[in-house]
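Chemist: prediction below, plus the sequence it came from.
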Amino acid sequence: MGKYGGQIKLILRKEHLRQYVYLIRLHKPIGTLLLLWPTLWALWFASDGRPDWSHVLIFCIGTLLMRSAGCAVNDYADRNFDRHVKRTQYRPLTAGEIEPKEALAIAAVLAMMAFACVLFLNQLTIFLSFMALAIAVFYPFTKRFFSIPQAILGVAFGFGIPMAYAAELGQVPLQAYILLSANIFWAIAYDTAYAMVDREDDLRIGIRTSAITFGSYDVLIISLCYVAFLSLLGYLAVAAQLNHWFWVGWLCASGCAVYHFLLVRTRNPEQCFQAFNHNNYLGACMFMGIFCAYW
């Protein structure tokens, strides 16, 4: 009985660890990548294509940790809403597999680990990290009162941009704010497509999203956000005098945006979700254009 009891405890322990993995979305890296690409763009722009490789490593690790912490905070904030949404009703916290205090503890540990990484950078970057944490904690609650919480998400997912400039240059120039603005437009575009998946459930439970706010203009505004995003990146490339390789990446990213438009215009939840996930390729195309232009 002792032998079998030990095996049962081991299985239960592994299952609990699996629920932690689900809580912080390690099985779904799309969020980490959407957070990472803008940070990498910023590192390359700020350093004229020659970033400190220790900074690249720190930001990559920090991005993974902060995204994971953000997922735990988000699930804590939405634990009473997620059970009413078909896509999220089986998340560990909502399903009762993890206690709310566990989610907060995991978020706190991950945030402290991310902060430990930032300690290797300069004082301005450390100061900005506190702002990044505040926005990450604040964002999940904006869905209760703000009509376009996706804009706040754009700031949260783009805050690696001013931090990257601060790490490389010791200051945050105008270029960083333009790039952050571009990221906000991009986030509104892809997260509105994401919100279109849950629109009916969100309407029923009273959650506010851009998909609800934009209504029948959702596809048009998504398209305009992509245009604004691509235009701002193009402006930065012209200002930085990047060569034709950037424009190769820019055209590939534009092709991705057109493909996303074709998906979301159907307003089919599965195709909207496909468009959201495909934004990883858009971010990668833009980074490869920037990388190759500086190379």
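Modeler: Looks like it came in fine. All figures in this text were calculated on a predicted structure; none of them were measured in a lab.
Chemist: how near is the most centrally placed residue in the chain to P162?
Modeler: With distances taken as C-alpha atoms, centre = their mean, L35 lies nearest the centre of the chain, 4.0 Å away. Distance, L35 to P162, using C-beta to C-beta, to the nearest Å: 14 Å. The way it works is simple: take the backbone N, C-alpha and C, and place the C-beta from them, glycine included.
Chemist: give the burial count for Y177, as a bare number.
Modeler: 13 (other C-beta atoms under 10 Å).
Chemist: element containing it, please.
Modeler: Using DSSP states H and E, Y177 falls within helix 174-197.
Chemist: who are the packing partners of that helix?
Modeler: With contacts taken as 3 or more C-beta pairs under 8 Å, 6 or more residues apart in numbering; DSSP states H and E, helix 174-197 sits against helix 30-46, helix 149-158, helix 160-169, helix 210-214, helix 218-239, helix 244-264, helix 269-294.
Chemist: buried stuff in the second one?
Modeler: Buried residues in helix 149-158, counting neighbours by 16 or more other C-beta atoms under 10 Å, are found at 149-158.
Chemist: could you do the fifth one as well?
Modeler: Neighbour-count burial for helix 218-239, with 16+ other C-beta under 10 Å as criterion, is recorded at 218-219, 221-223, 225-226, 228-230, 232-234, 236-237.
Chemist: export it as PDB, just CAs?
Modeler: The C-alpha coordinates for helix 218-239 follow below in PDB (Å, rounded to 0.1, in the frame of the first residue of the first chain):
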ATOM      1  CA  ASP A 218     -14.200  45.900 -36.200                       C
ATOM      2  CA  VAL A 219     -12.600  44.700 -39.500                       C
ATOM      3  CA  LEU A 220     -12.200  48.200 -40.800                       C
ATOM      4  CA  ILE A 221     -10.500  49.400 -37.600                       C
ATOM      5  CA  ILE A 222      -8.200  46.300 -37.500                       C
ATOM      6  CA  SER A 223      -7.100  47.100 -41.000                       C
ATOM      7  CA  LEU A 224      -6.500  50.800 -40.200                       C
ATOM      8  CA  CYS A 225      -4.400  49.700 -37.100                       C
ATOM      9  CA  TYR A 226      -2.300  47.500 -39.300                       C
ATOM     10  CA  VAL A 227      -1.800  50.400 -41.800                       C
ATOM     11  CA  ALA A 228      -0.800  52.800 -38.900                       C
ATOM     12  CA  PHE A 229       1.600  50.100 -37.500                       C
ATOM     13  CA  LEU A 230       3.300  49.500 -40.900                       C
ATOM     14  CA  SER A 231       3.500  53.200 -41.700                       C
ATOM     15  CA  LEU A 232       5.200  54.000 -38.400                       C
ATOM     16  CA  LEU A 233       7.700  51.200 -38.800                       C
ATOM     17  CA  GLY A 234       8.300  52.500 -42.400                       C
ATOM     18  CA  TYR A 235       8.900  56.000 -41.100                       C
ATOM     19  CA  LEU A 236      11.400  54.700 -38.500                       C
ATOM     20  CA  ALA A 237      13.300  52.800 -41.200                       C
ATOM     21  CA  VAL A 238      13.500  55.800 -43.500                       C
ATOM     22  CA  ALA A 239      14.700  57.900 -40.600                       C
END
